[in-house]
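Student: 3D model of this:
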Amino acid sequence: MDQIETIKAKTDIVTLIGEYLSLKKSGRNFKALCPFHQEKTPSFMVSPELQIFKCFGCGVGGDAIKFLQLYEKMDFLEAVEFLARRAGIKFTPRRYSSREEQRKQRLCQVNHLAAEFYHFLLTKHPLGRPVLAYLRQRGIRPKTIAHFHLGFSPLKPEAVVEFLGKKGYSAKEALEAGLVVATRRGQYWDRFRGRLIFPIFDHRGNLVAFSGRLIPGLSPLNQPKYINTPETIIYHKGKTLYGLYWTKQAIREAKQAIVVEGEFDLISPYQAGLTNIVALKGTAFTPDQAQLLKRFAEEAVLALDADLAGVEAVKRSVVIAEQVGLNLKVALLPEGIKDPDELAQKKPRLLGQLPKRAVLVWDFLIEAATRKFAAADPLGKKKILTEVLPFLARIENEVVKNHYLQQLARVLRVDLESVLLELEKIVSRKSVFHSPLESTKTEIDRDRRYLLEKQLLSLIFSYHRWSWLRESHWLRLIITPRFKRLVELARQRNKKELAFSVKQFFAFLPEELRPTFEEIYLTNRKIEDRDEIEKEIKTTLKQLEMAELRRQLNLCAEKIAWLEKHRPESKELSSWERRFAQLTDQLTQLEAES
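Tutor: From the prediction side, this is the model:
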């Protein structure tokens, strides 16, 4: 058993979470109101047997380490060290357990030294004076330059390689870190020469990359305004948020992050006092960035450039933010202000109003579409619907969705029924047999089937009814792929051991199936009587039998409808009609027995 497993074994998750939440016994488990989302009915479950927690409202779950990461916003190492101290175990983290980790650490050190070199040239060397003048012109103060560790890369292409060489680092290491580029003649030239340098730290404080900006009148001509470190083993652009290392505490306290596009859009507002802010280093969220930000904030306020690219970035961000449960708003910049940097320089007093001026993303999308197309023109109405409806269709809360559908109808000056008809075209499944209403009924049946399958497996696993695993007649009733796989693995295990503990089975499961097992095991209700458990299993099986018959009847009806339309004289039609009658009789008999 390694150190981390020893620490987890010495930690009782019920006691740990009980120090933060009010837990109440619920069958074999404990329950509480979830601390990670708002709810009135407890859906947060803790299992003493599996030593895990799971919320069936928002979906979060894990072990004791994961709870501390989510609740206390600790990183993995901090959480392990906390539990080790709590359990009285001496923990020695293996920071250099592999060659790749050593390489990563060394590249971070290369970047750190390069940043010191660039910062010295900017703040202490005569070469940096024109760049300091440029920063003063943009309103950036010396204290801010020091805080963000800004720098300057000289025009001499080999300068950084020569400096690193004196510190014991090779040109090839600088190349691997993305600091330099290799020329055809085998030389190594500074990628950022002649540019203002922004060091990029990850949220833990590792210096992983740089961004370089052209300086008017000083940088080489005919170059992109910004260049960045390419992807390396320590830097992945889509997983990093510029500034989060400095601003995460303010974001955590505000439970809100102002999201901007570039470095100056973050630095200028930060200097003016708006500190719960991050920069994307691009024009839209990536899933990894959204997931990272969700660790610290409940809400993101997009304050991107007020241009077409900014609007498109908002659209791309909507879906990604929804996937991780991050509430999304859009800040409307004052008239004549193109970005947060300009706002901080020209109207700093309005910065504090930026979050207050933010509107929900759906208000913004409707307003942006009506600016783009004429709402009075029939073709314009169609284009507005095409742009906006796919986003409104994604709103889960029906009250909120209805509010915005009515708002859209008012903007277009059409009746709500017309908008709803267009919405149905988007959300309905394209089926030759089902109308949107019939599709909805099919989805309800499918959801009920899913719940019945889950209930059956919950009874078997929660009450250790392993003998049912040897009964094969009911296996055809499990059609949910992950449930089916779970049963197959349990049957394999049961062949080797007639009885085994739930904890042993959980450890035996592949990682991708564990959330499924948690979902099944933690939703069982308390049944004391042994006979009652068996009765409940048999009742659930019968309901599943009826659900299966209804599914076959639906398929049969679809086939008959198609044959009546396309091949009415076919002998196959009468065969399917006989099959439909047989299924109906079986279902009627089962319903009578129930």
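
Student: hang on, residue 255 packs against residue 300?
Tutor: No - if you go by Cβ atoms under 8 Å, residue 255 and residue 300 don't touch, sitting 10.7 Å apart. C-beta: built from backbone N, CA, C; applies to glycine.

Student: Quick one: the helices in the stretch 401-550 of the chain, in order.
Tutor: Ranges of helices in the stretch 401-550 of the chain, per DSSP state H, counting those that start in this stretch, are 416-427, 436-462, 481-496, 502-508, 514-521, 530-566.

Student: C-terminal to the longest one, what's the next element?
Tutor: What that stands for is helix 530-566. helix 571-593 (DSSP states H and E).

Student: low pLDDT regions in the stretch 1-150 of the chain?
Tutor: Applying pLDDT under 70 to the stretch 1-150 of the chain flags the ranges 1, 93-98.

Student: Give the helix, strand or coil label for residue 45.
Tutor: strand (DSSP: H, G, I helix; E, B strand; the rest coil).

Student: tell me the contacts of the closest residue to it other than its chain neighbours?
Tutor: The spatial neighbour of residue 45 that comes closest, neighbours along the chain excluded (Cβ to Cβ, 6 or more residues apart in numbering), is residue 522 at 4.1 Å. Residues in contact with residue 522 (Cβ atoms under 8 Å, 6 or more residues apart in numbering) are 29, 45, 47, 52, 54, 56.

Student: what's the closest of the helices of the stretch 401-550 of the chain to residue 146?
Tutor: helix 514-521 (45.8 Å; Cβ to Cβ).

Student: helices or strands next to that closest one in the packing?
Tutor: Other helices and strands packing on helix 514-521, by 3 or more Cβ pairs under 8 Å, 6 or more residues apart in numbering; DSSP states H and E, are strand 52-55, helix 436-462, helix 481-496, helix 502-508.

Student: Skipping its backbone neighbours, what lies nearest residue 489 in space?
Tutor: Nearest residue to residue 489 in three dimensions, chain neighbours excluded: residue 509, at 6.6 Å (Cβ to Cβ, 6+ apart).

Student: Give me the contact list for stretch 533-552.
Tutor: 445, 448-449, 452-453, 455-456, 459-460, 463, 465, 468, 474, 476-477, 527, 583, 586-587, 590-591, 593-594.

Student: Just the C-alphas of it, formatted as PDB.
Tutor: What follows is stretch 533-552, C-alpha atoms only, in PDB (Å, rounded to 0.1, in the frame of the first residue of the first chain):
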ATOM      1  CA  ILE A 533     -36.400  -7.300  -0.400                       C
ATOM      2  CA  GLU A 534     -37.100 -10.400  -2.500                       C
ATOM      3  CA  LYS A 535     -40.600  -9.200  -3.100                       C
ATOM      4  CA  GLU A 536     -39.300  -5.800  -4.200                       C
ATOM      5  CA  ILE A 537     -36.900  -7.500  -6.600                       C
ATOM      6  CA  LYS A 538     -39.700  -9.600  -8.200                       C
ATOM      7  CA  THR A 539     -42.000  -6.600  -8.500                       C
ATOM      8  CA  THR A 540     -39.300  -4.600 -10.200                       C
ATOM      9  CA  LEU A 541     -38.600  -7.500 -12.600                       C
ATOM     10  CA  LYS A 542     -42.300  -7.700 -13.500                       C
ATOM     11  CA  GLN A 543     -42.400  -3.900 -14.200                       C
ATOM     12  CA  LEU A 544     -39.300  -4.300 -16.400                       C
ATOM     13  CA  GLU A 545     -41.000  -7.100 -18.300                       C
ATOM     14  CA  MET A 546     -43.900  -4.800 -19.000                       C
ATOM     15  CA  ALA A 547     -41.600  -2.000 -20.100                       C
ATOM     16  CA  GLU A 548     -39.800  -4.400 -22.500                       C
ATOM     17  CA  LEU A 549     -43.100  -5.500 -24.000                       C
ATOM     18  CA  ARG A 550     -44.100  -1.800 -24.500                       C
ATOM     19  CA  ARG A 551     -40.800  -1.200 -26.200                       C
ATOM     20  CA  GLN A 552     -41.400  -4.100 -28.500                       C
END
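
Student: quick thing: my sequence starts at 47, can you match it?
Tutor: Understood, numbering begins at 47; the last thing we discussed is stretch 579-598.

Student: I'd like the average pLDDT over it.
Tutor: In this model, stretch 579-598 has a mean pLDDT of 84.

Student: got it, and stretch 508-516?
Tutor: On average, the pLDDT along stretch 508-516 is 73.

Student: Could you do stretch 460-475 as well?
Tutor: On average, stretch 460-475 scores 77.

Student: circling back: give me the buried subset of the contacts of stretch 579-598.
Tutor: The neighbour-count test (16 or more other Cβ atoms under 10 Å) marks 495, 498-499, 501-502, 505-506, 509, 514, 520, 523, 573, 629, 632-633 as buried among the contacts of stretch 579-598.

Student: hang on, the earlier thing: which one of the helices and strands packed on helix 560-567 is the most hemmed in?
Tutor: Highest mean neighbour count of these: strand 98-101, a mean of 24 (counted as mean count of other Cβ atoms under 10 Å).

Student: which strands and helices sit next to that one?
Tutor: Here strand 98-101 touches helix 59-64, strand 90-93, strand 107-108, helix 560-567, going by 3+ Cβ pairs under 8 Å, 6+ apart.

Student: Recalculate using a threshold of 10 Å.
Tutor: If you count contacts as 3 or more Cβ pairs under 10 Å, 6 or more residues apart in numbering; DSSP states H and E, strand 98-101 packs onto helix 59-64, strand 75-78, strand 90-93, strand 107-108, helix 110-117, helix 560-567.

Student: so can I have a markdown table of these showing mean neighbour count?
Tutor: Supplementary listing: these in a markdown table, determined by neighbours: other Cβ atoms under 10 Å:
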| stretch | mean neighbour count |
| --- | --- |
| helix 59-64 | 18 |
| strand 75-78 | 22 |
| strand 90-93 | 24 |
| strand 107-108 | 20 |
| helix 110-117 | 20 |
| helix 560-567 | 20 |
